[in-house]
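In: Fold the following.
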Amino acid sequence: MDPSDRKNLLKILLATNLLLLAMYLVTNVIFQSPSWRVKHLFDLDQEYNIPTWFSTMQLFLVFLISFACARGAESKALRRGYRLLAAVFLFFSLDETAEIHESVGRTLGLLLRRHGLIDLRGIWILVYLLAALLLVLLFRKEIVVFLEIPEGRNLFVAGAAVFVLGGMASEAIGIYMPQLPKMKQMEIFFEEGLEMLGETLMLFGLSMRLKPFRRSGVPELIPPAG
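Out: Model (predicted):
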């Protein structure tokens, strides 16, 4: 991907982020939409609408770029690292559409209450953190090799941090904060806004590792440092 194409992609994605956040404020917070369908169309807290499609698309593009990087990686460890990344973001893309973490949270919460255990809301966060820790332990070599490549690394890591901050930290705060309508709406605004921004940064950072395509159709990749 040419530098000019990447810059245009970043501008389009950031503009879409801002537009979706603005439409949420207009249709769900500031004004009462004349139609619940219009309200739902831009509701950041609902599924099967434009914000969900946009997040799913961004996550799926990260999967595709990771898969392309894996095809051209020189070392086995780096190929495994990109394949791990592709698998993780394919799952995130599916989760965004199919509400997997919500289903996990509801099911585990129901089982805990049924057996007289603690009523732990947001238990999916703990499950995902444990899964992430397990992946880091199992693929620490591959992760180190992936991070040795300087191109796009800082943007990707920053995007991952923003994505986690939005997806887990903001939701954890929202679960236990007073459920006043305006406070809940602002929590949703920041949570989903951070998630979409994190996805955009990760997508842009990873795209920096792709050079213009060769005639063979396989993109050249930036080699690891050293």
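In: most centrally placed residue in the protein?
Out: Geometric centre of the chain, nearest residue: residue 199, 4.6 Å, by C-alpha atoms, centre = their mean.
In: Tell me the confidence at that residue?
Out: On pLDDT, residue 199 comes in at 96.
In: Test my guess that residue 40 contacts residue 49.
Out: Yes: between residue 40 and residue 49 there is a contact under C-beta atoms under 8 Å: 5.9 Å. (C-beta placed from N, C-alpha, C; glycine too.)
In: does residue 146 really touch residue 78, like I thought?
Out: Yes: here residue 146 reaches residue 78: they are 6.7 Å apart, a contact under C-beta under 8 Å.
In: burial measure for the nearest residue to residue 153 once chain neighbours are set aside, as a count.
Out: With C-beta to C-beta, 6 or more residues apart in numbering as the criterion, residue 153 has its nearest non-adjacent residue at 6.0 Å, and that residue is residue 147. Residue 147: 14 surrounding residues under other C-beta atoms under 10 Å.
In: Ok, residue 96 next?
Out: A count of neighbours around residue 96, defined by other C-beta under 10 Å, yields 23.
In: so where do the helices sit in the protein?
Out: According to DSSP state H, the chain carries its helices in the segments 3-24, 36-41, 50-72, 76-98, 100-114, 123-138, 140-147, 153-164, 170-176, 181-207.
In: ok, the residue nearest to the centre of the chain to residue 79 distance?
Out: Counting by C-beta to C-beta, to the nearest Å, the gap from residue 199 to residue 79 is 24 Å.
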